[in-house]
Every structure is written in structure tokens, then in C-alpha cells.
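J.: This is a predicted model, with the sequence first.
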Amino acid sequence: MSFENIQTKREHDPLDAYDDGKESEEPNAHDLDSFKNKERLNQLEDWLEQARIVQSSNRIEMAIDEDYYDNLQWDDSDKAELESRGQAPLVFNEIKPAINWILGTEKRTRIDGAILPRTEDDVKAAQTKTKLVKYLSDVNKTKFARSRAFADAVKAGLGWIEDGIRDDGESEPLFDRYENWRNVWYDHLGVERDLSDSRFLFRQKWLDLDIAEAMFPDRTAILEAASVGSNLVPTDDDEFFYESSLYYETDSQGRPISRTSTVDDINSLVNNRRSRVKLYEGWYRMPCPCKVVRLDYEDLGQDYDDINGQEYDKEHEFMKSAIDDGYASVYDAVKMKMFCAIFVKGSLLQNMESPYKHNRFPFTPVWAYRRARDNAPYGVIRPCRDPQDDLNKRRSKALFILSTNQVVMEKGAVEDKEQLREEAADPAGILEYKKGYKFDIRNDKALAEEHVMLSAQDGEYIRSVSGVTAENLGQETNASSGKAINARANQGSVVTAELFDNLRFATQLSGEIKLNLIEQFYTKRKVIRLTGDRGELDFVNVNSPDEPESDITKSQADYIVSEQDYRESIRVAMFEQLSDMVGKLAQTMPEVALKLLDLVVDMSDVEGKDEMVKRIREINGMSDPDAGNDPEKKAELEQKKKAEQEAAEKEQALQDEQVRLALDEQDAKTRKTNAETDKTKVETYGAAVDAAYQVAAVPEIGAVVDTLIDSATSEEGEM
């Protein structure tokens, strides 16, 4: 059970929670030489000693892993053997291109974060925080620090990002920077990737004595006693094989025997004559009694939810009023609190509660892989070292075979064997032997070819186990079809997916810490400047009294990592498939193709694609699916929809008017036609009547009149 869950309700006045007369269990930060602080120092030094012993063997391997990337791949004994027979220790580095492909992929597809509001009222503040985070990332060059930490993880297995606050008056208060894994020791008993179950984390730092004395002016005597002003040998300060089997093995000159030459070269890191002192910075968690606030009712609103479970603060007005009004109560609890100590061996320089409210370590780990046996980290290079060693040795062996000759002869065939050795190795050499003796020169070129073939297989295995195939590297292979090439390229993306997923996780953790620091420390008014992709400037007010919605301290938000697919080859393949599909649709259903065009362009990696997508959506009338809760985008979208609706209504009204005019015109034509028909009828009947009178007067034309009447009647029926 975690300490956070051990709670009992207080019976006395909750507002006196901090004034109950109990003596603090924590050491006094101002009395560094007190008995409690001495006990705390002993505990910290014991934790550090344990971590150094447990992690020493794996730290050697991590250092060697980095050596392989840096072309330092021969151990001392093998190198000496090659040099003894006149061969240079050649390195055919197949590891470095694979590592560079992974690192290059990260640099080309760097990710960013965004701040999401917790309530609808916090939308504007969340937008301001997002822009502030972007500004701080630009100022602190966060993307480069993150890439360095990722490079450490890929090579050695572990990298570190530090997020904190400084108060030098010259730089931004919030910083995030890279920290070398060689300077950090973590709790080896912790198993969670976010260090949530870890008790401690230590960082070492060498400082010149005068700088350390300026930082801790009241501890100058202790710092002088701990300083070193002479050259150091590796055994004095080699943290990589501390207390390991290599720690006690030395050569004739007292230097530690190493598996590679580079561990011995670590001496250069501390080989100086300035007076320096090594400080240890320890962040650690301790169980501490405290008072926490718990709500007595549910569904009271977001403001109440924000204080639920928080440590009681008598200066917090809303928290105090919630307790006074009976909506919340104060409980006794035990929580794991974060502390920070700075010390040299044997003496404390500082010990205090963490100034950060997030109660986390200010260091975020970037893991590659972790060994199931003991959770020790390792990188991509570790499983590639054996085939790389085999490759180097086989290529060297093949070269040796091709450049030397073996002589088989009877005893006494030559007078000087050493001269014979030199002449046999010389392509222009002259070999002279006694007549009558058996003498033969052999050169096993077939064996050299076998070594070369096996070394090629070693290179293929390195690419396979690293996840970076020849297709990823753009090398020509036996894959002939496009599908086969894409399948092998995608293999590299899938195998390396865990590396990028761990980086994404570390970015998430670091972003959460950064957001918490912003909400805690950025309380003053500030104007920041952002530069867009095309150089446009955007000035943002933070905590402006004229803009209440810009106050970032009165609301809480959540940090998320923006969606980004690291698997570049897969994304390119998807873009090509969508492009082909839309191209075919354009031939039969152009309207559908136009509606999908913005999605296709959004899948591409072309520069300025955001502007292209925006313009395409203005043409095809599609909305931005990422508008989310952005009030500006929502207002713009609503205005666009309103304008489209008004245009549609005007178009419909125009069409209705055109239909009405057409009907009126048709009606007028019909009435005119009917009028003309009626006139014709009248004239016909008139003619018939006249004919009747004439018939009556002249009976002979009666038959003609009857015919006319029948004709008129017939025409009337047809009308």
C-alpha cells in the first residue's frame, strides 16, 4: 500500500493543522551539522554507494557501447597481437551508419507538445500556455537537448533531460537541458519508467573551488578540504567500474586494465591541476506526515476537484473557505515528499524540501531497452558488438592471409629464415634456396574469401538486429520489387518503434513537469514573441491585467504530445497510396477526389503543407478536424458556415425568383394564346351567321354553308 493512502480524519480544528505543537520530523535545513542532518547524510551516502556498486558493471558496458560508435572497437590484447605481426587494428564500422539512421530519423521528425484545458473556461489560458511552452522551447533549444538525450539512449541505453528554475536575472527562469548519463545514478530498485517508485537520484558535478566557495560561502573550509589540486589517475575517480572486478586489476604502471582502450582514456576528463571539488546533488523522497484536503460532497465543480487530495495550505483562500463552509475536511496522511541535498563526502552543503510543487525528480529518463534480469539499461549497440568484433577480426584475418605467404621447405633449404620471411612477404622479393631441397610457397586465397563472406554476413546481422535494414540506408539489395523494398524498409521502422515510443513517453513526462513549473513560477506579466514558419511575428500577453483570460496561474491544464509518426517510410508509403487512390478517383468522381485532397496533402512532408492544406480546404469547403475547443477557430468556422448558409439561401432565393418569372412568362403566353383562339372562334361564328343569312336568301349555296359550319364545329372540337 502506498503512503498516500494511509489517512485518518482529524478531530480538532483543521485550521490549526500547522500549529499543533508537534516537532518536525525533518532535519533543520539551517543546522547542517545537527544530529538529524548527520543521519540524513549517512543515509544519502549509503544510497549513493549502493547505486554505484550495483550499476558499475553495466556502466562499463554502456561506456564500451559508446566506444563502438566512436570507432574504438579493439581491446588491448587483440590490438597488441595485431601490432606484433605488423598489422594495423582496422575497424570496419557497420554500427555507426545504423545508429546515425535512427538519430537522423528523430531529428527529421521531431515532436512538439500542446496544452489542453480541463474546463471550457480555461481554453484561452491553455492557448497562452501552449504558446509560452513553444517560446521556452525555442529559447532553451529544447529540441537539441532532447536529441542529445535520445542519442545517449540509443547508444548507451539511457539519457537524461533536466527541467528546473533558475534565478540569475539574465535568462528565462525555466530551463530544460541535457545531462550526461555518466553524471547520474538512479534508484536501482525502482522499476517504473517514470521513476514514480524510485527513492533517490544523484548527480555529480566537478566545480572549480572558487566557484563552489561562492555558492556556499559558509562552508569554505569543508570545500577546501574536499578539493583536489593535483592530477588524478583513473582509479581515483573512475565511476564506470567502481567496485567491479576491473576496479582492482591494474597493469604494470598502476592503470586499470580495461576491455577497451577508452576506459583508460577517461583520465583526460579529470586530468587537470586546478583546485576542484566534486559535489553531489541528491534528490530523494521521504515519508512525511501531512494534512490533506478531502471533499465531503461530490460533483461540487472543477474548482473543488482541484483542491481534493491536495496538501492543506492555510494561505490558500479557496481551500480555506471550502473547509469553513463544510464542503471539505482535513485529514492526517503520510505522503512521500521530495527533498534536495547537496553534499561532498562527509559534509552537507544544503538540505531542503524541494521548491517544486510537482513533487517529482527534476530529471526525466529517456530509456532505450531495459534488461529483464535487473532493469539495467542498454542500447542498440549492445547486441551488435559481437558480430562487429567478428567482422573486424575476419576482415583483418583475410587481409593477413592475402598479404602473407606460407613457406614449406626441408630443413637446410635456406641459410637465413628471417630473410626468407621478409622476401616471401615482399611481392617483388627474391627467394633463393639450395638445390635439391623441397621448397614450396602456399597462399590460401580460398580461406580469405571465406572470411570475407562471413564478415559480410556479420554486417547483415548487425543491420538486422539493429532494425536498420540496407533498404533504410538506401543501399542496393537483392530486393527487386517495390513491395519487397517497402516491406524491408518498414521492418526497420517496426523494430525501432520502441525507441521512439520511449522518447515520446519521456517528452510527455518532461512536458508535464515544464507545465507545472510554468503554473507555479510564471506569475508576473510578460510579453513573448513567437516566430512562425514563414517568419511572421506573434506577440502574446501573459498574465496581463487588461486580459484576465491570459492569467495562466489561476487554471490548470494538461500537457499532451502532438501526434507525429516517426515511421517515416510508412508515412511516405501511405501518402503515395492515397495520392494514387485520389488520382484514380479524379477520373471518375472528381467531386470525391476534391473532398479528399486536403487529407492527402496533410499526409505529406512538403514544406509549407499547412498553408497548402488551408487553401485546399477553402476550395473544397472542408473544415479543419483539429479545430477542437479553440474559440478562435470555432468562431472562424461558425462564421464560415454562416456565410456559406447565407450564400446558399441567396442562391436558392435567386433560383426561386427565376422559376417564378418563368412561370409568369408561361402564364402570359398561355393567356395570349387563349385570347387569340377566342377571337378566331368569334370570327368563325360570325362568318357562319352571315352564311346562314345568305342561304336563306339564296338556297343554292346552302350546301356550301353546311360544309363551312361543319368545318367550324370540327375546329372548335379540336380546340
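T.: Arrived safely. Residues are numbered from 1 along each chain as shown.
J.: quick one, what contacts Asp296?
T.: Gly326, Tyr327, Ala328, Ser329 (Cβ atoms under 8 Å, 6 or more residues apart in numbering). Bear in mind the C-beta positions are built from the backbone N, C-alpha and C, glycine included.
J.: now those: which count as buried?
T.: Neighbour counting by 16 or more other Cβ atoms under 10 Å classes Tyr327, Ala328, Ser329 among the contacts of Asp296 as buried.
J.: The second one and Ser321 touch, don't they?
T.: I take that to be Ala328. No. Counting by Cβ atoms under 8 Å, Ala328 stays clear of Ser321, with 9.5 Å between them.
J.: thinking again about what came up before, min pLDDT across the contacts of Asp296, which one?
T.: Within the contacts of Asp296, the minimum per-residue pLDDT falls on Tyr327 (78).
J.: from memory that one sits against Glu298, does it?
T.: No. With contact defined as Cβ under 8 Å, Tyr327 does not reach Glu298; the gap is 10.6 Å.
J.: related to what we said a few turns ago, any idea which of the contacts of Asp296 is closest to Ala662?
T.: Proximity of these to Ala662 (Cβ to Cβ) peaks at Tyr327, which lies at 70.5 Å.
J.: and Ile441, that one's in a helix?
T.: No. Applying DSSP: H, G, I helix; E, B strand; the rest coil, one finds Ile441 to be strand, outside a helix.
J.: Now it: closest residue in space, sequence neighbours ignored.
T.: Closest residue to Ile441 apart from its sequence neighbours, by Cβ to Cβ, 6 or more residues apart in numbering: Asn405 at 5.2 Å.
J.: how many other residues sit next to the one you found?
T.: 18 (other Cβ atoms under 10 Å).
J.: ranges for the strands of the stretch 1-150 of the chain?
T.: 7-9, 113-117 (DSSP state E, counting those that start in this stretch).
J.: Could you tell me the least trusted of those?
T.: strand 7-9 - the lowest mean pLDDT of these, at a mean of 40.
J.: For Leu399, see how far away Leu90 is.
T.: Going from Leu90 to Leu399 by Cβ to Cβ, to the nearest Å gives 7 Å.
J.: These two - which one has more neighbours?
T.: Taking neighbours as other Cβ under 10 Å, Leu90 and Leu399 compare with Leu399 leading, 16 against 12.
J.: so how far is the host helix or strand of that one from its chain's centroid?
T.: Here Leu399, judged by DSSP states H and E, is contained in helix 385-403. Between the centre of helix 385-403 and the centre of its chain there are 38 Å (Cα atoms, centre = their mean, to the nearest Å).
J.: Can you give the contact residues for the helix or strand following it?
T.: Reading on from helix 385-403 to the C-terminus, the next helix or strand found by DSSP H and E is strand 406-409. Strand 406-409 has contacts (Cβ under 8 Å, 6+ apart) with Leu420, Arg421, Ala424, Tyr433, Tyr437, Lys438, Phe439, Asp440, Ile441, Arg442, Asn443, Asp444.
J.: OK, contacts around Val452?
T.: Arg394, Arg395, Ala398.
J.: burial count for the first one?
T.: Applying other Cβ under 10 Å, we find 21 other residues in the vicinity of Arg394.
J.: any idea how far Arg85 is from it?
T.: Distance, Arg394 to Arg85, by Cβ to Cβ: 16 Å.
J.: State the mean pLDDT of the longest strand belonging to the chain.
T.: The single longest strand within the chain, with elements called by DSSP state E, is strand 276-295. Across strand 276-295, the average pLDDT comes to 90.
J.: ditto for stretch 458-466
T.: Across stretch 458-466, the average pLDDT comes to 82.
J.: surely Glu512 meets Ile560?
T.: No. With contacts counted by Cβ under 8 Å, Glu512 stays clear of Ile560, the gap being 9.5 Å.
J.: higher neighbour count, those two?
T.: Glu512 (19 against 13).
J.: Buried residues in stretch 388-404, which are they?
T.: Going by neighbour count (16+ other Cβ under 10 Å), the buried part of stretch 388-404 is 388-399, 401-402.
J.: got it, and stretch 417-426?
T.: Across stretch 417-426, burial judged by 16+ other Cβ under 10 Å covers Leu420, Glu423.
J.: Equivalent analysis for stretch 144-164, please.
T.: For stretch 144-164, by 16+ other Cβ under 10 Å, it's 145-164.
J.: In helices, which of the residues you listed appear?
T.: If you go by DSSP state H, these have Ala145, Arg146, Ser147, Arg148, Ala149, Phe150, Ala151, Asp152, Ala153, Val154, Lys155, Ala156 in helices.
J.: residues touching the fourth one, list them.
T.: I take that to be Arg148. Contacts of Arg148 by Cβ under 8 Å, 6+ apart are Gly159, Tyr178.
J.: Quick check: it vs Glu61, distance?
T.: On the measure of Cβ to Cβ, Arg148 and Glu61 end up 21 Å apart.
J.: and what of the last one?
T.: Applying Cβ to Cβ, the value for Ala156 to Glu61 is 9 Å.
J.: what is in contact with the two at once?
T.: Tyr378.
J.: can you give me the strands in the stretch 401-550 of the chain?
T.: With DSSP E, counting those that start in this stretch as the criterion, the stretch 401-550 of the chain has strands at 406-409, 439-442, 526-531, 537-542.
J.: Output those strands in CSV, with distance to Arg40 appended to each entry.
T.: Shown next, in CSV, are the strands of the stretch 401-550 of the chain (distance: least, Cβ to Cβ, whole Å):
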stretch, distance to Arg40
strand 406-409, 70
strand 439-442, 73
strand 526-531, 38
strand 537-542, 39
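J.: Mean neighbour count for those - can I get that in JSON lines?
T.: As requested, those are exported to JSON lines (neighbours: other Cβ atoms under 10 Å):
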{"stretch": "strand 406-409", "mean neighbour count": "14"}
{"stretch": "strand 439-442", "mean neighbour count": "12"}
{"stretch": "strand 526-531", "mean neighbour count": "14"}
{"stretch": "strand 537-542", "mean neighbour count": "14"}
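J.: any chance of the ones you listed in CSV, with mean pLDDT too?
T.: Output for the strands of the stretch 401-550 of the chain, formatted as CSV (pLDDT from 0 to 100):
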stretch, mean pLDDT
strand 406-409, 76
strand 439-442, 72
strand 526-531, 72
strand 537-542, 74
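J.: Run a quick neighbour tally on Ala648.
T.: Using other Cβ under 10 Å, Ala648 has 10 other residues around it.
J.: Could you confirm it falls within a helix?
T.: Yes. Counting by three-state DSSP, Ala648 falls inside a helix.
J.: before we move on, back to that, pull out the buried residues from the longest strand of the chain.
T.: 276-286, 288, 290-293, 295.
J.: Export that strand to CSV, keeping only CA atoms.
T.: C-alpha atoms of strand 276-295 as CSV (Å, rounded to 0.1, in the frame of the first residue of the first chain):
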residue,chain,number,x,y,z
ARG,A,276,38.4,21.4,-8.0
VAL,A,277,35.8,19.8,-5.8
LYS,A,278,33.2,17.2,-6.7
LEU,A,279,29.7,18.0,-5.5
TYR,A,280,26.8,15.5,-5.3
GLU,A,281,23.3,16.7,-5.8
GLY,A,282,20.8,14.3,-4.3
TRP,A,283,17.0,14.3,-4.9
TYR,A,284,15.2,11.9,-2.6
ARG,A,285,11.8,11.0,-1.3
MET,A,286,10.9,10.6,2.4
PRO,A,287,7.6,9.6,4.1
CYS,A,288,6.3,12.7,5.9
PRO,A,289,3.2,13.3,8.0
CYS,A,290,1.0,16.0,6.5
LYS,A,291,-2.6,17.3,6.2
VAL,A,292,-4.6,16.8,3.1
VAL,A,293,-8.0,18.1,2.0
ARG,A,294,-10.8,15.8,1.1
LEU,A,295,-14.2,16.8,-0.3
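J.: That one packs against which elements?
T.: Strand 276-295 sits against helix 35-69, strand 200-208, helix 209-215, helix 220-226, helix 302-307, helix 317-324, strand 328-344, with contacts defined as 3 or more Cβ pairs under 8 Å, 6 or more residues apart in numbering; DSSP states H and E.
J.: which stretch among the ones you listed comes nearest Asp610?
T.: It is, among the helices and strands packed on strand 276-295 and with distance given as Cβ to Cβ, helix 302-307, at 32.9 Å.
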